[in-house]
Structures are given as structure tokens and as C-alpha cells.
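Trainee: take a look and give me a structure for this.
(one chain, ligands or ions: 3)
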Amino acid sequence: GTPASMSRFRGALVAAVLGDCVGGEFEGAEEVPMETVLQHLNGLEDETKGNCVLEYSDDTAMTRCVVQSLLNRSGYDQQDLARRFAKEYSASPGRGYGSGVIQVLKKLASPQLVDVYQPARDQFNGRGSFGNGGAMRAAPFALAFPNLPDVKRFACLGAMLTHSCSLGYNGAVLQAMAVHLSLQGALCLPQQFISRLITEMEEVEGEEEALRDARILKEAEKPFCERLHRVRDLMDRNKVSIEEVISELGNGIAALHSVPTAIFCVLHCLQPRDYLPESYGGLERTIAYSLALGGDTDTIACMAGAIAGAHYGVEAVPQRWMRCCEGAEDADMNAARLHALYHQTSQGS
Ligand code: R7I
Ligand code: MG
Ligand code: MG
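Mentor: Ligands and ions are numbered 1, 2, ... in the order given. Predicted coordinates for the structure are as follows:
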């Protein structure tokens, strides 16, 4: 497809929902046999089972808040977004939110709150969360703003409403950038794609706060860059085992242990793989592979889904998977509205 086409917007938002919904089945499982993954996915296509409904989790619930806020305010509005997160949580608290972030969401509901970023700063003894909750909802920023500096800035701020540690919000910046580049067709040249992400993250992680957090948490000097180099090493290799991917990149709830992993899933599945069905296209391969890693499957599949969906477009989304997933239709409609906002913004400024 052409860069930033409607199909790419729809693919990104719909496949993110699919990843979350189908990934929920295995969240927290230690490594999932591919056979089990394929059974789960084939089950979605079994029409004799009637209308299966897979509910979305916090990943999609918060993504929907971001989408609604960006559309309603025609851009980023921190007060509005904070209010929507709080309202969504109090309406449906059982979506599987991280155990720490719940406190932030409760504080965000207070009408007396002056600084909407303060509750996030109070997390984890004042260091802030490094969970992947900021990254899991970052895709809409890439679908609302055509310019990369805006994507980076607003993805960062949007994440800081709950994640004030740089290892949290920089995961969101990386995820939004990956969706942005994919939307432009950058995955047609995978080597350049990963190199570009590394170059951008070099700058992002060169900031004082990031360098300090990395030091305190005893990570590499530039933790996301280090992981992206590992992604590049793994994608250059013909055969990579699931165990190696987990040990090199991680499959956990920290942004550092899941965003680079999601990016790897997309890159690895650009080609057919002998352990995945021949009938699968790239999008199906990406989601199946993400689930087979185990761990934080809903979130890794959600993030990989957004990046892959922006590359392959909505035509690559299996209809029968889509029909099973709560919120997929809404995502499709909202993607079209974001497409309009994006192209309006690019002409206006
Ligand atoms: O990041 P967050 O919104 O959780 C997202 C995850 C996704 O997998 C969703 O699908 C859902 O299942 O949850 O929520 P947080 O509570 O901010 O972070 C998640 C977890 O990461 C926390 O509950 C902690 O276990 C851990 N964590 C930390 N632990 C120690 N020190 C995050 N930050 C820290 C920290 O600074
Ligand atoms: Mg979830
Ligand atoms: Mg999760």
C-alpha cells in the first residue's frame, strides 16, 4: 500500500485489538507450545462454535481512551486524557490492569488534582513505573500526528500520565516510532528500519533523565538501544529459538522486556517460517509468534499487532479473527477518523 493509506491506519488499530484479545488467553504462561497457539487461533475460525467473544483487556481499554481523547480534542490534551483513563478504570476495573497503576488511576479521578502527572511520579518510591502500560497504548499517537517530533513528544507525555520512569515512557516513544515508520512503508527495508530506530533512540536515551534512571536501575547506559542492537543481531540469523528470544529480549511486563521483543516479532515474521502454517500471511504469523513467546502475551501481541497492521494493512486481518474480538469494529471506525485527523494536521501546519 501507499504510505499512510487508510488501510494501514485500520490495520494498525484493528490488529492491536486482535493481539490483546487473542493474547489474553496466554498472559503469564511460561512459554506456550506453538501447537497450543495454533489450536487457539484455529478455534476462532470454527463457526460451529457460534459467536465466540474474546474480551479486550486494559491494553485496549486505555488505547481507546487515547483514541477518543485525540479525536475529541483534535490533539493531545493531558487533562482530558487523564480524566478518560480514570473514568474508564472506574467503569470497568476488571480489565486486568497492572497492580501498581491502579493507584494512579484512582488518584486521577480526584477533582482536586492540580498536576495530572503527579500521581505517576509517586509510584514505586518516587521513581515511577517502568511497566509497559505506557507503550501498550502508544500506537494512536503515531496515527494522529504526521511529524515524528510530535509523535515522540506526545507519546512520551501520554505515557507519563501513568509511567514517569524513563524506562517506562521511552518504551512508549519507541513503540510509537515503530508504528510511525511502519505506516510510511519503512518495513519494506527491515535493515534500515531497525537502524533508524536505533539512531532515534540514541538521541532519546541521551537525555539526562534517561541516563540517570539507567544508572540507578543498573541497566546498560542506553538500555533500549542495547536491546535494539540485540534485535538486529537476532534478525540477521537464520534460525533463532524461542528460548533465545526470551533470554536475549525478554517477554515480561517491563517496557524494556517487551517493546523490543514486539519489534523483533514483526521483523522475524516478515518471511514465512517452517513452524508456522503456510496459509498464514505476515500479520497472522506475527500474532501467532508473539503468543508462542509466553509471558506478557496480550501486550506483546498488541504492540506487535499495531506495527504489523500498519505494514500489511487491514486486508491482511482475517475476518473470522476480527469477528471474535471485542472492540475490533470500533477500532476500525476510529482508525478512519484518525486518518482524517492525521491528514488534516499535515495540511494545516
Ligand atoms: O505498566 P502497567 O500499566 O502494566 C501493564 C501490564 C500489561 O501487561 C497489561 O496487559 C497488564 O497486565 O499490566 O502497570 P504498573 O503497575 O505500572 O507496572 C506493572 C508491574 O511492573 C508492576 O505491578 C510491578 O510489578 C512492575 N514494576 C515495577 N516493579 C518494581 N519497581 C513497574 N515499575 C516498577 C518499579 O519501579
Ligand atoms: Mg492487558
Ligand atoms: Mg499484558
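Trainee: check which helix or strand the nearest residue to E315 once chain neighbours are set aside maps to.
Mentor: Computed as Cβ to Cβ, 6 or more residues apart in numbering, the closest residue to E315 that is not its neighbour in sequence is S7, at 6.3 Å. Every residue, glycine included, has its C-beta placed from N, CA and C. Here S7, judged by DSSP states H and E, is contained in helix 6-23.
Trainee: burial check on the residue nearest to E315, number of neighbours?
Mentor: Look at S7: counted by other Cβ atoms under 10 Å, it has 19 neighbours.
Trainee: circling back to that earlier point, does ligand 3 sit close to the helix holding S7?
Mentor: No: using Cβ under 5 Å from the ion, helix 6-23 stays clear of ligand 3, coming no nearer than 7.4 Å.
Trainee: now for that helix, which elements pack on it?
Mentor: Packed against helix 6-23 by the contact rule (3 or more Cβ pairs under 8 Å, 6 or more residues apart in numbering; DSSP states H and E) you find helix 34-44, helix 58-73, helix 139-144, helix 166-183, helix 282-292, helix 297-312, helix 319-324, helix 328-348.
Trainee: just those: most buried one?
Mentor: The highest mean neighbour count among the helices and strands packed on helix 6-23, using mean count of other Cβ atoms under 10 Å, belongs to helix 297-312: a mean of 32.
Trainee: other SSEs contacting that helix?
Mentor: Judged by 3+ Cβ pairs under 8 Å, 6+ apart, helix 297-312 is in contact with helix 6-23, helix 58-73, helix 139-144, helix 166-183, helix 259-268, helix 282-292.
Trainee: still on that earlier bit, from G309, how far out is the residue nearest to E315?
Mentor: The gap separating S7 from G309 is 10 Å, by Cβ to Cβ, to the nearest Å.
Trainee: pLDDT value on the nearest residue to A16 once chain neighbours are set aside, please?
Mentor: With sequence-adjacent residues excluded and distances taken as Cβ to Cβ, 6+ apart, A16 is closest to A306, at 4.0 Å. Reported pLDDT at A306 in the predicted model: 99.
Trainee: kindly report the same for T48.
Mentor: 59.
Trainee: now do the one 3 residues further on
Mentor: N51 carries a pLDDT score of 67 in this model.
Trainee: what sits against whatever residue of the stretch 201-349 of the chain ends up closest to ligand 3?
Mentor: Across the stretch 201-349 of the chain, the shortest distance to ligand 3 (Cβ to the ion) belongs to T299, at 3.4 Å. Going by Cβ atoms under 8 Å, 6 or more residues apart in numbering, T299 touches D20, G23, E27, D59, N132, A135, M136, I253, S258.
Trainee: at 7 Å what do you get?
Mentor: D59, N132, M136, S258 (Cβ atoms under 7 Å, 6 or more residues apart in numbering).
Trainee: measure it to F145 for me?
Mentor: Plainly put, T299 is 23 Å away from F145 if you go by Cβ to Cβ.
Trainee: ok, A155 next?
Mentor: Look at A155 and F145: by Cβ to Cβ, they are 9 Å apart.
Trainee: neighbour-wise, which of the two wins?
Mentor: Taking neighbours as other Cβ under 10 Å, A155 and F145 compare with A155 leading, 33 against 26.
Trainee: nearest spatial neighbour of that one, skipping sequence neighbours?
Mentor: Here the residue nearest A155, using Cβ to Cβ, 6+ apart, is A176, at 3.6 Å.
Trainee: that neighbour touches A144, doesn't it?
Mentor: No: counting by Cβ atoms under 7 Å, A176 does not reach A144; the two are 10.0 Å apart.
Trainee: skipping its backbone neighbours, what lies nearest T60 in space?
Mentor: Counting by Cβ to Cβ, 6+ apart, T60 lies nearest to D20, which is 4.7 Å off, once chain neighbours are set aside.
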